[in-house]
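Undergrad: fold the stuff below for me.
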Amino acid sequence: MDGRGNDERATAFDGALRLIDEWLGPQGPSGVGAVVWHGGQIVGERYVGEARPGVPVGPETLFGLASVTKPVTAAVVMTLVEAGLVSLDEPVGRIVPEFRAGPALGSGSGGMRGEEDGAAESDPDPALERLRTEVSTRHLLSHTSGLPEDLGPREGRFADQPTLSTIIDAMCRLPLRFAPGSELLYSNAGFGVLARLVERVTGEEFWHVARERLLDPLGMVDTVARPGPELTERIAHLADAASHGTAIESYNSPYWRELAIPWGGLYGTPRDLVRFAAIFLPSATGSVLSPTGTLLMARDQAEGVAGGVESARVRWQPASWGLGWEVKGSKRRHWTGELTSPATICHFGQAGTLLWADPQRDLALAVFANRSVARIWNFILPRWARLSNAVVAGTT
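TA: Down below sits the predicted model:
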């Protein structure tokens, strides 16, 4: 950052980023990293606390991205759209026949839940299942497919350590809950089906395609699926992870890391992910997608329907969503604060991660922590908003 103007900008952002110092403690995470992008470059970054006991957070720390993985997965799909290998409005069932087949009527969800998980899921609705052939790639990317959020309680799905293929098989069989395009319901299952679609179109494993078509071309060497033992010391340990102390502990166990779920299994640094978000900004250079492709991903595709994130107990009218990215639109009490523009695209993750980009301000923020939002949801929401407001104010 050369020149007086850049120094002044860096000072302004440094003041904003110092807000993360206050997050540490018993009611918050033990470590946080935050990076700001503005006007074509990184203009501020700060790292505080510990990634794991005795290991400070730093630029090399790899955080579990959780659902911040989804925009990355969506961008992989868009590279195939731009290559002419799949179209956004093509029925998914033409490429993924097991999705077209769906659940057997009268069989429940066909998922992996056991009796210990309580009441069985409702039987498929024959009228809705007849609409299954209308579900498109666009529906899956914008969470308007009609699929439920997930398979059910984590313990019910992972207790037997199923493979990723087995999990996605079950996701393909989930019954529809509403007519495609009539509502928005945030769905991990939809991104499982998308990963299967990528593999069918390319004939290659999903993360191989992601590395070849997106991560390597963008220089995202610190965004990793299936991190090996050599990276263990760089990975932030997540507090309050699901299935704590078991062989299937989310984010922390070797099994979970090897699973590499395409809807939430990446690990990465704030630097890497803020550069990814920056390809959707006016100052973007070197994107693997065309300007039309990035614009499509960043514009609302839900067409005014209502909906939201069931597990987070949030619902909007309208529920703006792009392709992979949430679009802020007219939503209030939003995690990106009050000062970001309606055009802001974003995604948060259960592992305490937030990534957003505001095209109107040519500004992006990646702020990653190492404590699950399941326990600190009321804590983290206003702090994300306050930080975002301060970062936006730093551009003036």
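Undergrad: quick one: buried residues of stretch 170-183?
TA: For stretch 170-183, the neighbour count (16 or more other C-beta atoms under 10 Å) marks 170-181, 183 as buried. Every residue, glycine included, has its C-beta placed from N, CA and C.
Undergrad: between which two of those residues is the distance greatest?
TA: Ala170 and Gly181 (23.8 Å; C-beta to C-beta).
Undergrad: surely His237 is in a strand?
TA: No - His237 is assigned coil when assessed by DSSP: H, G, I helix; E, B strand; the rest coil, not a strand.
Undergrad: leaving out chain neighbours, which residue sits closest to Asp89?
TA: Ser136 (4.9 Å; C-beta to C-beta, 6 or more residues apart in numbering).
Undergrad: show me what that neighbour is bridged to.
TA: Listed by DSSP bridges, the beta-bridge partners for Ser136 are Pro91.
Undergrad: was I right to think it contacts Arg94?
TA: No - counting by C-beta atoms under 8 Å, Ser136 stays clear of Arg94, with 10.0 Å between them.
Undergrad: in terms of neighbours, single out the busier of the two.
TA: Ser136 (22 against 14; other C-beta atoms under 10 Å).
Undergrad: state the pLDDT value of the more buried one.
TA: Model confidence at Ser136, given as pLDDT, is 98.
Undergrad: now render the buried residues of stretch 170-183 as JSON lines, adding pLDDT.
TA: Below are these laid out as JSON lines (pLDDT from 0 to 100):
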{"residue": "Ala170", "pLDDT": "93"}
{"residue": "Met171", "pLDDT": "95"}
{"residue": "Cys172", "pLDDT": "96"}
{"residue": "Arg173", "pLDDT": "94"}
{"residue": "Leu174", "pLDDT": "94"}
{"residue": "Pro175", "pLDDT": "95"}
{"residue": "Leu176", "pLDDT": "97"}
{"residue": "Arg177", "pLDDT": "96"}
{"residue": "Phe178", "pLDDT": "97"}
{"residue": "Ala179", "pLDDT": "98"}
{"residue": "Pro180", "pLDDT": "98"}
{"residue": "Gly181", "pLDDT": "98"}
{"residue": "Glu183", "pLDDT": "98"}
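Undergrad: just curious, which of those is nearest to Glu199?
TA: Nearest to Glu199 out of those is Cys172 (C-beta to C-beta; 12.2 Å).
Undergrad: give the contact list for that closest one.
TA: Counting by C-beta atoms under 8 Å, 6 or more residues apart in numbering, Cys172 touches Val96, Glu98, Phe99, Ala101, Gly102, Gly192, Val193, Arg196.
Undergrad: pLDDT score for the second one?
TA: Confidence per residue is given as pLDDT, and for Glu98 that number is 97.
Undergrad: thinking again about what came up before, farthest-apart pair in the contacts of Cys172, please.
TA: Greatest spatial distance in those: Ala101 and Gly192, 15.5 Å, computed using C-beta to C-beta.
Undergrad: and the two? Which one has more around it.
TA: Neighbours per residue (other C-beta under 10 Å) separate Ala101 from Gly192, with Gly192 holding more: 27 against 14.
Undergrad: next, give phi and psi for the nearest residue to His237 once chain neighbours are set aside.
TA: Once flanking residues are discounted, His237 sits nearest to Arg52: 4.2 Å by C-beta to C-beta, 6+ apart. Arg52 has phi and psi values of phi -150, psi 160 when expressed as degrees, to the nearest 10.
Undergrad: and if you look at Leu363?
TA: In terms of degrees, to the nearest 10, the main-chain angles of Leu363 are phi -140, psi 140.
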